[in-house]
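> Show me the folded form of this:
(one chain, ligands or ions: 2)
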Amino acid sequence: MAGPPCAELHLHIEGTLEPELIFDLAERNGISLPYSDLDELRARYEFTDLQSFLDLYYRNMDVLRTEADFADMTRAYLRRAAAAGVRHSEIMMDPQAHLARGVALETCVNGVASALADSESEFGISTGLIAAFLRDRPAEEALEVLEQLLDMEAPIIGIGLDSAEVGHPPSGFVDLYERARAAGLRRIAHAGEEGPPGYITEALDLLGAERIDHGIRCMEDDALVQRLAAEQVPLTVCPLSNVRLRAVDTLKDHPLPAMLARGLNVCVNSDDPAYFGGYVDENFAQLGRTFTFTADDLARLAVNSVRSAFIGAERRSALL
Ligand code: ES4
Ligand code: ZN
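Numbers count the residues shown, from 1 in each chain. Ligands and ions are numbered 1, 2, ... in the order given. Sure, this is the predicted structure:
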């Protein structure tokens with residue numbers, strides 16, 4: 001089922017690696033997996049928190065070795081996203097996760113970028129590529145990788161900050177974000193997924209983040225909610241992700257309806273759809289079965305995604 005036509009603003013391309021493709025790429029690259037079949041792999045997709053997911057996510061991406069592997073994964077996502085109603089997608093990738101296991105920056109960047117280059121003609125989806133930096137690795141390493149991306153003129157529109165949040169506050173990445181700003185890049189950051197509301201404030205005030213990925217824990221701080229609503233800071237919410245990583249107990253307990261009611265600029269995204277039970281359409285389908293959103297609420301979610309996208313006026317009006 002297609003969701004409303006919308007922009008997807010919170011998507012990790014490595015999180016679109018489906019179990020079937022993991023097996024296909026392992027075979028193509030002569031890698032032996034520690035699972036005998038798909039069911040044995042799928043049995044691992046039971047998470048208790050963000051870290052338990054990240055452990056599997058980083059392990060599984062080891063099957064990505066060549067440009068073709070990255071391009072095939074990206075095309076598979078775009079095909080599925082088009083069916084879900086996505087018309088524009090801003091896609092994060094984790095260069096450090098690939099560098100750390102010996103895959104060259106050119107291999108991962110060029111592989112993803114080559115699939116994105118054909119996305120509008122092949123799938124009707126405009127795209128932007130965002131390099132996300134791993135907050136649980138040294139900030140100096142992130143800055144070095146950003147310099148390499150700039151040196152190679154990687155086709156990125158911005159930077160993000162992801163991986164294990166608690167204990168790795170935005171304040172450690174001020175130099176990285178200042179360099180990105182000086183280079184003319186857009187800036188986003190995960191904050192308030194597992195981490196406290198104060199990390200959202202830090203991301204805005206210390207990093208100059210223009211969008212917050214997740215941000216759901218803002219609801220614990222009334223003054224912060226008022227600020228985010230007044231400034232219409234985009235919050236890229238991922239309902240199925242929050243359920244699967246136990247940020248909320250069940251979808252019924254998700255703060256999305258309350259966030260809408262408070263006038264926050266929220267939109268719906270899939271995060272790591274191969275791991276969390278579905279793409280944007282499935283997020284909307286489950287939300288629709290759980291809550292009674294009005295037509296106005298649903299329209300607002302879609303419009304919020306488009307107005308929060310890093311696109312020019314022409315593309316924006318084509319999507320609205
Ligand atoms: C992520 Cl759900 C989530 N949170 C933080 N970092 C991530 N990297 C990939 N998915
Ligand atoms: Zn994310």
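> Would you mind listing what in the stretch 51-200 of the chain touches ligand 1?
Residues of the stretch 51-200 of the chain lying near ligand 1 by Cβ under 6 Å from any ligand atom: 57, 162-163, 190, 193. For glycine as for every other residue, the C-beta is placed from the backbone atoms N, C-alpha and C.
> For whatever residue of the stretch 51-200 of the chain ends up closest to ligand 1, which residues are in contact?
Nearest residue of the stretch 51-200 of the chain to ligand 1: D162, at 3.4 Å (Cβ to the nearest ligand atom). By Cβ atoms under 8 Å, 6 or more residues apart in numbering, D162 lies in contact with 12, 92, 94, 132-135, 190, 213.
> again, but for A180
Going by Cβ under 8 Å, 6+ apart, the list of residues near A180 reads 146, 158-159, 187.
> Between the residues of the stretch 51-200 of the chain next to ligand 1, identify the one with the most neighbours.
Among those, the one with the most neighbours (other Cβ atoms under 10 Å) is H190, at 29 neighbours.
> these two touch, right, it and R217?
No: at 11.3 Å, H190 does not count as touching R217 under the criterion of Cβ atoms under 8 Å.
> where in the protein is pLDDT low?
1-3 (pLDDT under 70).
> For it, just list every one of the strands.
In the chain, the strands defined using DSSP state E lie at 6-8, 86-93, 126-134, 158-162, 186-191, 211-214, 234-237, 265-268.
> which of these sits most buried?
strand 6-8 (a mean of 29; mean count of other Cβ atoms under 10 Å).
> Tell me which strands that strand pairs with, and in which orientation.
Applying DSSP bridges, strand 6-8 is found paired with strand 86-93 (parallel).
> could you dump the contacts of D162 to CSV with distance to A183?
Compiled in CSV, the contacts of D162 are given as follows (distance: Cβ to Cβ, whole Å):
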residue, distance to A183
H12, 22
M92, 17
D94, 19
A132, 16
F133, 14
L134, 19
R135, 20
H190, 21
D213, 20
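> which residue sits closest to Y58, ignoring its sequence neighbours?
Of all residues not flanking Y58 in the chain, A97 sits nearest, at 5.9 Å (Cβ to Cβ, 6 or more residues apart in numbering).
> The one you found and L235, how far apart?
Distance from A97 to L235, counting by Cβ to Cβ, to the nearest Å: 25 Å.
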